[in-house]
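S.K.: Okay, here's the prediction I keep looking at, along with the sequence it came from:
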Amino acid sequence: MAAAAANGAGGGGGVPRPTNPMVTPLLTDLYQFTMAYAYWKAGKHLDRAVFDLYFRKNPFGGEFTIFGGLEECIRFIANFKLTDMEITFLRSAMPTCEDGFFEYLSSIDCSDVEVYAIPEGSVVFPKVPLMIIEGPVAVIQLLETPFLSLVNYASLVTTNAARHRLVAGKSKNLLEFGLRRAQGPDGGISASRYCYMGGFDATSNVAAGRLFGIPIRGTHSHAFVSSFMGLDDIIDRTLTSSDGSNKCKDFVSLVQNWLARIKDAGSLRGTFRETNLSELAAFTSYALAFPNSFLALVDTYDVMRSGVPNFCAVALALNDMGYKAAGIRLDSGDLAYLSIETRKFFRAIEEEFGFIGFGKMNITASNDLNEETIDALNKQGHEVDAFGIGTYLVTCYAQAALGCVFKLVEINKQPRIKLSEDVTKVSIPCKKRCYRLYGKEGYPLVDIMTGEDEPAPKVGERLLCRHPFNESKRAYVVPQHVEELLKCYWPGTSSKPREELPSINEIRSRCMGYLDRMRPDHMRRLNPTPYKVSVSAKLYDFIHFLWLNEAPQWRVTGLLDSQASDNPIPVRFSPVESPWVHAASRANGGRWYAVLAAGDDSATTLSGIGAVTHESLKQQYSRLCLILHLHPDKNSAAAAEGEFKLLREAWDELSLQHPPASAAASVSWSPPPPPHQTETPPRPRRSKWRFPCPGQCARCGTKYTAICDACNTLAMVYVKSPYLATTIESRGKTPRLEDRGEEAAEKAYKLAENRFLVNDIAGALRAAREAQRLFRSLPGLANAVAAYEVHAAAASSRPSGSNASSTGAPKSKPGQARACTRTVQCPHCGFSFVSLIDDEFFFGVKCVHCKQQVSTPWWRRPATAGRAPPPPPKPSPSPSPPPPQPSPRPPRERETPPAPPPEPAPPRSGSSKSWKFRCPGECGRCGARYTASVSVGTWHIKCDECHAYAMVCVRSPYRATTPDIFGALGNSQQRNSSSSRPSVSRACNFVCHGDGRGEEAAEKAYKLAENCFLANDIAGALRAAREAQLLFPPLPGLANAVAAYEVHHAASRADGGRWYAVLAVGDPSATTSSGIGTVTHEALKQQYRRLCLVLHPDKNRSAAAAEGAFKLLREAWDELSLLHPPGSAAASVSWSSPPPPKRLSGRRPGRRSHVAEQCTARTAAVCSSRW
């Protein structure tokens, strides 16, 4: 190579010295020498170590990287030797070190070092070692910083150049113009070299061209054009023809003649008038100097009116003398537009004067181009043939550094691992071999790392490839071609053959070949597909075995169980606020042993401890911590959030009971009882009319009786009606038993997660164990069972005062308002239901059964420490009074609550209901302040300026929020109409907070409804969805979800009205009630179509509920269409509506009055019109 000739042979077996003379053994960090001294002082400097050089993330937001810098690394180690001057400097920098260390430094070289690397110019991916360096640990430590410096920038610039090549395409020329913008001379030289490796065609750097043999290109600048004043500046005007047979004595006159002909050409007439003669003189002078490579910069004055016509005149004159111009360069303006217009001008010249090929004249574009700019030009359309790129290319503006690291993976044949809380920073231990597996189409499928002693993958043999840290990501691969990536480039003292360093053109060809072989979705700019990097099954097991062994064991002091004592026990850290951590202890004192599964034969994580000691507990605690905490990908996301806190509390408690060096104690507690199995009563089966099966055998065509009498084939047939049946599995391959078991286990596992989300820990554990029984090897299942067992052990005995409706409420700081749930009894129908209220205000809510308003706002005394807040005032069981008559004027204020709480509120500004003050809010329409006298509560107020009505929530004399959900009435007729505003403040009995809290609470209730449905709690899902509807009716998708839950709830009926209830026929409690008094075929068909449109799965957020409800609607229509065929007489609806979900025992529903029904209808009408 040219570089070798320039630098001369070094001391490394003929390998040249590094290109940059500053690359010496002192080009490193000081701590490398301090570590080397520490190794030498400890006698470990000769230990055989293995280091991996790799990177963790692909640059520029892509999914590939090009490896560069290998040749410079080999040159460095081949000539690694500290000189006497360098030793003298180190003595002065490290005066405390012994003289023997410096004698050791003066004697070392890299003759005992082995280097294995991926060939330079290859496409590489994260975690795969680019280089493996093996040798004495002190020597390799001194190589770390130089290697990282030589590889980081080289690979980054090569990758950047390859990305520009991909976006520009193979047909375009790429020129590197970045020397003037590079970070110093060494950066400019390296950038030119590695840009050429990455796919560029030439460079403007003359020094790089001399050192590496890269083609160089260059034209002239704007200064050259501006330096000419006119044609008189040209002294020598003669030009000899290309064949030497003719000589033009006045080439300038020839150029002027062609310019006049172009100006008078018919197809070009009017495109320009007079061109800049100084620019024409500059072009003519440059053409006389370089007639074979004339390329002009045409944007000094005006591209289309001067630059391009002047260039064409000179190019045509050169053509007369047998020369061919090279083209033009655009350095400013709209490059896409100017290139297209220039191409049109060239084609017009070709057609006008008959010069073949003139229309294909080369057009080069520059001006701070980058990858995004070239991509935008491609999308706009352009006629550029070459791109000159500089600043963004050599400085790698989009990525600061590649981020290569240098990690110890083995020392003295003992694998080592580096752990981190960030899983991406965990290293892969031991010396490895790397392979690239190719598929049938020739694309690389996966890079796999194996242990050094493992057999290599074979073509045609199935191989299990596993993600290094995520156990759920795995796949079997049958490679059609196997390529070993790591090759020996410096064998040291071993007898392994050494790979020769390729030339720069060979490296460039390798890079272009890899870019062509890679799958296109890995190489695209937007949303590229990540390439798979995996390890073998044996290496995966070894990584996690070493992980568990090397992870440190720690002690965290947490909250001790002090339920029996009122005095708090001093702790070192504050307790973690979590509903699982605050669960009550076991009644028999064995809760913490159950959490650690010590002596619990029923737990899957059984410790096997017969006698409890400090060490045995510590070992079990560390084991469970590693399983349940350090590998979050192995656990159910919801369950894994709390069990680690329980483990810490259990260890804090038991480590005090069993201190170090204490005697072994027997486990004398009983294991926790198994999860309670609820007995489901047998469901009464409905007697069905039997008829001959309408289907026929799919194998022979014979009609069914019980089994096919002709071919004795069994088939699964779904009978929908006497005339319609579908065969589910009549033919085809029957699923394997293990496949069906895995599918059932997946469903059970999903059910377990959903039950855990609704705080049904026992149900989650039952479902998870059932999944484990069906398919034990399901990924992540064993760890999930262990997590559920921890929660079940911690929550096996809760205090008697716990309430299911309050345990799930979120914790809040003292004095901070929060939402909580309370049981409210409707005074109109007697139905009890759970409602979400605020700590400070209890807003009026609607009964979920009769839709009547239940209560009015009331002030709540702040809860004192250690006491629960007082319950809301119990409504009287007397029937509700008739609604007030609508007045011609809108109500000025709300009615006073019937009775204040028994205990008055503490003195607080604005908290008294009897104290009136001026409303602190202002009109949302005109901005005027309200003048009405109000108290704390919700008011329907009229603005005195714009006469608009608004619902105002008064918090204090200084704070009020205006939801502005009703808006301003448009005219005086609407303002005076009593029918349009019948007690709006009472009709719309929900409050929409201006700060979005109502919507936020509704979102939470909606989420709870979805979780309840997934956990098969249909009644709970319906309750939660209706509660969300009370809080914020316009929540997207909520109305459709309520309708879907109503269908599922109606389908659970056991009487004869089940299918009527599914279609909401005659059910006034359903939101999708049909209002049908008599049932006919047409009425049922209309209601069925209406519900199908509402409950279509594509229109619902809750896909599971909508899909099931859609199927139930189909079944209901199949049944009822047979009972009410076309043309049948109308039948009355004689069945009772389905009961509301989970009515409390001991409550007798009252009877809704006619006035209450009218109020409900009026309320619904007002709400629907407003929303």
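M.R.: Happy to help now that I have it. What you see is a predicted model, and the numbers here were worked out from it, not measured in a lab.
S.K.: separation between the spatially closest residue to E63 that is not a sequence neighbour and I140?
M.R.: In this structure, E63 finds its nearest non-sequential neighbour in P528, 4.1 Å apart by CB to CB, 6 or more residues apart in numbering. C-beta coordinates here come from the backbone N, C-alpha and C atoms, glycine included. To I140, P528 is 35 Å away according to CB to CB, to the nearest Å.
S.K.: More neighbours: the two, which one.
M.R.: Taking neighbours as other CB atoms under 10 Å, P528 and I140 compare with I140 leading, 25 against 17.
S.K.: Hmm, that one is touching P146, no?
M.R.: No - contact criterion CB atoms under 8 Å: I140 and P146 do not qualify, at 11.3 Å.
S.K.: what ranges do the helices span in the stretch 151-300 of the chain?
M.R.: For the stretch 151-300 of the chain, the helices defined by DSSP state H, counting those that start in this stretch occupy 184-197, 206-212, 222-226, 251-264, 277-289.
S.K.: what would the ones you listed look like in TSV with distance to I411 and mean pLDDT?
M.R.: As requested, the helices of the stretch 151-300 of the chain are exported to TSV (distance: least, CB to CB, whole Å; pLDDT from 0 to 100):
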stretch	distance to I411	mean pLDDT
helix 184-197	33	95
helix 206-212	38	96
helix 222-226	61	95
helix 251-264	75	92
helix 277-289	64	95
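S.K.: Same list, those, but as TSV with distance to I77 please.
M.R.: Below are those laid out as TSV (distance: least, CB to CB, whole Å):
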stretch	distance to I77
helix 184-197	19
helix 206-212	21
helix 222-226	46
helix 251-264	58
helix 277-289	47
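S.K.: quick one: which of these is nearest G439?
M.R.: helix 184-197 (27.4 Å; CB to CB).
S.K.: Which neighbouring elements make contact with the closest one?
M.R.: helix 137-168, strand 173-176, strand 202-203, helix 206-212, helix 391-394, helix 504-517 (3 or more CB pairs under 8 Å, 6 or more residues apart in numbering; DSSP states H and E).
S.K.: Adding distance to D299, write the ones you listed out as JSON lines.
M.R.: Converted to JSON lines, these look like this (distance: least, CB to CB, whole Å):
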{"stretch": "helix 137-168", "distance to D299": "21"}
{"stretch": "strand 173-176", "distance to D299": "17"}
{"stretch": "strand 202-203", "distance to D299": "21"}
{"stretch": "helix 206-212", "distance to D299": "25"}
{"stretch": "helix 391-394", "distance to D299": "18"}
{"stretch": "helix 504-517", "distance to D299": "32"}
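S.K.: So which of those is nearest R769?
M.R.: Nearest to R769, of these and by CB to CB, is helix 504-517 at 48.7 Å.
S.K.: can you list contacts of that closest one?
M.R.: Applying CB atoms under 8 Å, 6 or more residues apart in numbering, the contact partners of helix 504-517 are 1, 66, 119-123, 158, 162, 165-166, 193, 196-199, 212-214, 442-444, 502, 523.
S.K.: Show me this structure divided up by domain.
M.R.: Here the domain parsing of the chain from the TED database is 30-195+399-514+522-535, 219-384, 741-793, 917-961, 1017-1068+1078-1123.
S.K.: Next, format the ones you listed as JSON lines and append distance to H658.
M.R.: Compiled in JSON lines, the domains of the chain are given as follows (distance: least, CB to CB, whole Å):
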{"stretch": "domain 30-195+399-514+522-535", "distance to H658": "28"}
{"stretch": "domain 219-384", "distance to H658": "63"}
{"stretch": "domain 741-793", "distance to H658": "18"}
{"stretch": "domain 917-961", "distance to H658": "54"}
{"stretch": "domain 1017-1068+1078-1123", "distance to H658": "42"}
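S.K.: Which one of the ones you listed lies nearest to C847?
M.R.: Closest among these, using CB to CB: domain 1017-1068+1078-1123, at 9.6 Å.
S.K.: where does the stretch 751-900 of the chain have low pLDDT?
M.R.: Within the stretch 751-900 of the chain, the stretches with pLDDT under 70 are 795-825, 830-846, 848-849, 851, 853-900.
S.K.: 50 - rerun?
M.R.: Under the criterion pLDDT under 50, the flagged ranges of the stretch 751-900 of the chain are 797-819, 838-843, 856-900.
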